[in-house]
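Engineer: Generate a structure from the sequence data that follows.
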Amino acid sequence: MSLKENRTFKDKLNQELAEVRFSGHGKVLSKTHPKSYREKLSSIWNKELHIPVLPIVLAAGLIMTTVSMKSTLFDRAPNLMADREMIEFAGYTYWKDDFERAVKLHENKNQN
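Structural biologist: Numbering: from 1, shown residues only. Next up is the predicted model:
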């Protein structure tokens with residue numbers, strides 16, 4: 001574009017925008033450059049936050065899963081111990097189910 005075309009374009013734009021007046025410049029300046037403590041606090045609250053949803057949802061799911069598994073494990077442990085019976089054999093103490101499993105394994109080896 002030549003210099004003459006630029007000037008004619010600018011003149012035409014100025015004629016079209018002659019009636020448009022911006023009157024809110026004081027409000028904009030007070031929001032972008034706060035002076036008082038209240039204006040500064042207001043500008044902090046007016047910030048736009050962009051929070052990614054996927055990482056937050058994954059983290060919340062992981063936390064909830066961990067908490068539910070933890071409570072499930074702690075609930076089961078006393079029940080498992082309460083169901084088991086201890087026996088004495090040859091001066092040693094064993095869990096009954098472990099002892100029976102070991103005896104069956106030993107019997108199977110002797111049969112083969």
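
Engineer: So which elements touch the lowest-mean-pLDDT helix or strand in the chain?
Structural biologist: Of the helices and strands making up the chain, the lowest-confidence element is helix 37-45, at a mean of 75, by mean pLDDT, DSSP states H and E. For helix 37-45, the packing partners by 3 or more Cβ pairs under 8 Å, 6 or more residues apart in numbering; DSSP states H and E come out as helix 25-32. (C-beta placed from N, C-alpha, C; glycine too.)

Engineer: So for the helix it packs on, mean pLDDT?
Structural biologist: Looking at helix 25-32 alone, the average pLDDT works out to 79.

Engineer: any idea how far that helix is from the chain center?
Structural biologist: On the basis of Cα atoms, centre = their mean, to the nearest Å, helix 25-32 sits 36 Å off its chain's mean C-alpha point.

Engineer: and for that helix, what are the contacting residues?
Structural biologist: In this structure, residues lying in contact with helix 25-32 by Cβ atoms under 8 Å, 6 or more residues apart in numbering are E39, S42, S43, N46.

Engineer: Adding neighbour count and distance to P55 as columns, could you present these in JSON lines?
Structural biologist: Formatted as JSON lines, the entries for those read as follows, by neighbours: other Cβ atoms under 10 Å; distance: Cβ to Cβ, whole Å:
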{"residue": "E39", "neighbour count": "13", "distance to P55": "33"}
{"residue": "S42", "neighbour count": "13", "distance to P55": "30"}
{"residue": "S43", "neighbour count": "14", "distance to P55": "27"}
{"residue": "N46", "neighbour count": "9", "distance to P55": "25"}
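
Engineer: mind putting these in CSV, distance to F9 included?
Structural biologist: Compiled in CSV, the contacts of helix 25-32 are given as follows (distance: Cβ to Cβ, whole Å):
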residue, distance to F9
E39, 40
S42, 40
S43, 38
N46, 37
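
Engineer: which residues of this protein fall in helices?
Structural biologist: 3-16, 25-32, 37-45, 53-83, 96-111 (DSSP state H).

Engineer: mind listing what F89 touches?
Structural biologist: Under the criterion of Cβ under 8 Å, 6+ apart, the contact list for F89 reads F99.

Engineer: how close does it sit to S68?
Structural biologist: With the distance defined as Cβ to Cβ, to the nearest Å, F89 ends up 40 Å from S68.

Engineer: No further questions, thank you.
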